[in-house]
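S.K.: what follows is a predicted structure for the sequence shown.
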Amino acid sequence: MSAIIGIALALIVIVQLVPFYVTLTTALKAKSDLSSQWSFPFATLFVGNFRTAIEDGGILRSIGNSVLVTVVATALVCIVGSLAAYPLARRQTRLNKSVMLLIVGLIMIPPLSVLVPLYSLLNQLHAINTYWGIILVMTTGQLPLAIFLYAAFMRSLPLAVEEAAVVDGANLLQVLFYVVFPMLKPVTVTVVILTGVGVWNEFALSSYVLTDPAVKTIAPAIGSFFSSQTSNLGAAAAASLMGVVPVLIAYLFLQRYFIKGMVAGADK
């Protein structure tokens, strides 16, 4: 049985790694190289595609924009999400249960379904092609899932710890910042990963809100660069690899907390 599970896991890993391998081999080949995309160019590694992506596609600038938007939006989601989830988790009133159902419903709404009114609102606020505009959109879109995860995790925390802090003279804010928040590390890492990846990879809304190349994030920037490089797949593949590296590195550092945070509170 263990051998079958091992083979199944190996096949899953291979299926997941094949796209990265093909992208890497394509990015390291010159435009004139017509060999199979499955063959790795061990003899001649061509790095000109990465130079093209940087100089012509402005990929590094777009990566910087994405880092700014992702970091600020993720921080806001964690702060606002945890503060909003605390009363929903600790006070099981009928109103709070209705609010949680509404939050779950918001998670299921496709973002593009609100594109027209959202764009109209942002245009009236002069938020098109601005960092604060896209940060506001990303934060709002990621908050429902964050609140849901935080509330589920907080329900699994022992209430006696908070009651002991109150007996010792702590007020509500002190209980939150010195007792509750330090225990939220696993779910916070989960929220950071899910929010960060979601904001980093967001393409549809960003393509409409950010049309100025100077403020474009990485996903729409790669899309625009790919459409202009249809005859040079190597440069397009290089841009894609550069766009995925930062979020991949972040995930590798945070992955040990990810599963723990995802399953926390499942027994409640």
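M.R.: Everything's here; your move.
S.K.: shaky segments in the stretch 151-268 of the chain?
M.R.: 229-230, 255-268 (pLDDT under 70).
S.K.: all helices for it, in order.
M.R.: Along the stretch 151-268 of the chain, counting by DSSP state H, counting those that start in this stretch, helices occupy 159-167, 172-175, 185-201, 204-209, 218-228, 233-263.
S.K.: what residue lies at the spatial centre of the protein?
M.R.: Note on the chain: the residue nearest the mean C-alpha position is residue 197, at 1.8 Å, using C-alpha atoms, centre = their mean.
S.K.: report how many residues lie close to the closest residue to it other than its chain neighbours.
M.R.: Using C-beta to C-beta, 6 or more residues apart in numbering and skipping residues adjacent in sequence, the residue nearest residue 197 is residue 247, 5.8 Å away. Using the backbone N, CA and C atoms, a C-beta is placed for each residue, glycine as well. Using other C-beta atoms under 10 Å, residue 247 has 19 other residues around it.
S.K.: test my guess that residue 247 contacts residue 196.
M.R.: Yes. Assessed by C-beta atoms under 8 Å, residue 247 is found in contact with residue 196 at 6.6 Å.
S.K.: name the helix or strand for residue 30, please.
M.R.: Under DSSP states H and E, no helix or strand contains residue 30.
S.K.: that one and residue 45 touch, don't they?
M.R.: No. Proximity of residue 30 to residue 45 does not meet the contact threshold set by C-beta under 8 Å, at 10.0 Å.
S.K.: which one's more surrounded, those two?
M.R.: Ranked by neighbour count (other C-beta under 10 Å), residue 30 and residue 45 place residue 30 first, with 15 against 11.
S.K.: quick check: that one vs residue 20, distance?
M.R.: In this view, residue 30 and residue 20 are 20 Å apart by C-beta to C-beta, to the nearest Å.
S.K.: repeat for residue 170
M.R.: Counting by C-beta to C-beta, the separation of residue 170 from residue 20 is 49 Å.
S.K.: which one's more surrounded, those two?
M.R.: When residue 170 and residue 20 are compared for neighbours, residue 170 comes out ahead with 16 against 13, by other C-beta under 10 Å.
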